[in-house]
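Q: Structural data only, the sequence is not supplied:
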């Protein structure tokens, strides 16, 4: 019988960081400085938490017995143990694995990688590397250059706030990026032959995006207009008109327009566009605002024009073509809505862009193609039947690199302009791509991408060609990858004529035949998917000894158009049956303690949580509802999408009494009086996506009906806390609440 001996000990001090053994390909490393053992005793115990800074929980797999918690006598006896003897003991244990479990502390140590940009010569890759700074409660981003051949790293920025949007100049001689100046993003340019970066833009409102102009040392950038200057008594009048905006607005939204500036940092910018219309401005979470795209000759810009700057009008978007010298603007096509993300082909002959199938937002997003001069465009990804979220031109101009959620991974394909897509084999790697594939391609066809796998957060990968075997260039998250993590696998089941999937993460010490509590961790969106990749929250929950289930219900975007569109006007009932069918599949495996099941999720995952609580009230022992959609009327009235929500129900709730009833009956608050499970409610006060009003309603519904509940609000802007301290608090409360009722 296999057993586990878990030992916790302090910092062992001896010269250097030395390797003392290798087990199943995993190296045991000991960091130390002097030749003295720690003062603290070595104590065996079960499910220990790792101690900060080199204090390590070692797990040794033994044959023949399972260790028991040490008695006081045993602990006193163990005080006489010395490290060489202990190391020899571990090395003698065949098949041993020495690792700590994933913990709340480890969540904060995960290094975030973003925006890998491969140099035009394909020899180096620039990317943004961010680490949590808990003392200052922020993430500190750094621009890092990685040499492809040697994997050597060179930090290009230090102590700069807000570093993002890395972009090479077309000739590779300079590297541009955004960084904050007085809390406003500005474009900086760094010469790659040596020297310090200089500030290029001096936008009074901050830069939202930019693009190098081919053939010239100029940059086009987008920035919001300044508010009008008001003097006299009227300078105190801040009244503004409400239209289709979210409820947190405190002034009239200002349009975003294009400017052109030389990169010398001395010449003032020249305005390219103006008017009451605007370029799109994305509110996270979601893909970035549609980037502007230059023709290869640098004469024209493609951009997206939105009718108004009010967020509810965001679907009134069309692609426009701007002649930079003359200022002439004309539409790419005759469409009036839903065009986005234009990008010119390398030869300037074609333009590719996003557009939903048949122009309906319920359908998958497809890549459309047409002549760069303007005219009709048509889908080139229809047969792929996936919700495509990125299109990057291959250097030959005859195909595109596209990506989409596919099953429980991220699919990446080469899509020819006139043939079927060819899938790129990534093995167990899952490309980073919740809303946007994090990749870039050099003129020679080499590629950079961030990707992870079930046992490791994302790292930087290099492909010598799009179809070549990926090479990992970084080890930023090696500490997390070395931990004792829970096994992750995909499961599949059938319901209502759909064949669907989900992801299960097991406790690290999972043993067949034993019963474990089940925690549902349901993804948001709903146009998203849970994937068999590294999930910090799933691993944190599994480390508590729980089986974690992440179901992909109808409305998820990983199984084609029919599956994705099936949620339209069926927001909760159908998806709820899908989730419960997945739970039943797990129950049949025999490892679930059906008396200890909890449901949790954020955003639409919070919607599904509260829907399941009210419609399957006897199933759940506890719940966590984060930023939960509980009332579709509030979503229609107050959220950033507001009136755009009407499309999912056939129109406005205020123009048809039956439709009003549909909004109510598909709102979890309608069933809240049936909820029995103790429920933790979490929400941001500044949430524009799912207004906190809905969490207030849930709280009062539960409290008034005598259901145990706690409502925690975070006084921050956004759909979920973005700072490390509040993010950690979310995880801590999530685990503590469930542990209270599942133990």
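A: Structure received. It should be emphasised that the depicted structure is a prediction, and the values quoted were computed from it without experimental measurement. Residues are numbered from 1 along each chain as shown.
Q: domain assignment for the protein?
A: Following automatic domain parsing, one gets these domains for the chain: 2-100, 202-228+249-359, 484-631+667-742.
Q: Buried deepest among the ones you listed, which one?
A: Of all the domains of the chain, domain 484-631+667-742 has the most neighbours on average by mean count of other CB atoms under 10 Å, namely a mean of 21. From N, CA and C alone the C-beta is placed, and that goes for glycine too.
Q: Quick check: end-to-end length of that domain?
A: 22 Å (CA to CA, to the nearest Å).
Q: picking up where we left off before, may I see the domains of the chain arranged in TSV, with mean pLDDT as well?
A: TSV is the format used below for the domains of the chain (pLDDT from 0 to 100):
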stretch	mean pLDDT
domain 2-100	36
domain 202-228+249-359	97
domain 484-631+667-742	98
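Q: Could you point out which of these sits nearest residue 449?
A: When these are compared by CB to CB, domain 484-631+667-742 sits nearest residue 449, at 13.3 Å.
Q: so how far is the closest one off the chain centroid?
A: Relative to the centre of its chain, domain 484-631+667-742 is centred 17 Å away, using CA atoms, centre = their mean, to the nearest Å.
Q: that older thread, with distance to residue 108 as extra columns, can I get the domains of the chain in CSV?
A: Rendered in CSV, the data for the domains of the chain read as follows (distance: least, CB to CB, whole Å):
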stretch, distance to residue 108
domain 2-100, 10
domain 202-228+249-359, 20
domain 484-631+667-742, 6
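Q: closest to residue 242 out of those domains?
A: Closest to residue 242 of the domains of the chain, according to CB to CB: domain 202-228+249-359, at 7.7 Å.
Q: start to end distance for the closest one?
A: 39 Å.
Q: Just give me the residue right at the centre of this protein.
A: residue 434 (5.1 Å; CA atoms, centre = their mean).
Q: State the distance from that residue to residue 715.
A: From residue 434 over to residue 715 the distance is 26 Å, taken as CB to CB, to the nearest Å.
Q: try residue 380
A: According to CB to CB, residue 380 stands 46 Å off from residue 715.
Q: likewise residue 100?
A: The value you get for residue 100 to residue 715, if CB to CB is used, is 33 Å.
Q: for residue 275, same thing?
A: Relative to residue 715, and taking CB to CB, residue 275 is found at 36 Å.
Q: Ok, residue 261 next?
A: In this view, residue 261 and residue 715 are 37 Å apart by CB to CB.
Q: mind listing the strands for the stretch 501-650 of the chain?
A: 516-522, 547-551, 592-602, 622-626 (DSSP state E, counting those that start in this stretch).
Q: could you check the angle strand 622-626 makes with the third one?
A: Right, the one you point to is strand 592-602. Put simply, strand 592-602 runs at 20 degrees to strand 622-626, going by axes from the mean of the first three to the mean of the last three CA atoms, to 10 degrees.
Q: so what strands line up beside strand 592-602?
A: Using DSSP bridges, the strands paired with strand 592-602 are strand 516-522 (parallel), strand 622-626 (parallel).
Q: Just put these in CSV and tack on distance to residue 117.
A: What follows is the strands paired with strand 592-602, written out as CSV (distance: least, CB to CB, whole Å):
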stretch, distance to residue 117
strand 516-522, 33
strand 622-626, 33
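Q: can you tell me which of these comes nearest to residue 291?
A: Residue 291 sits nearest to strand 622-626 of all those, at 30.7 Å, using CB to CB.
Q: Now do the helices in the stretch 101-250 of the chain.
A: Using DSSP state H, counting those that start in this stretch, the helices of the stretch 101-250 of the chain run over 104-107.
Q: go on, the chain?
A: Secondary structure of the chain (DSSP state H): helices located at 72-78, 83-92, 104-107, 478-481, 536-542, 561-565, 573-587, 604-615, 632-638, 657-665, 693-704, 724-742.
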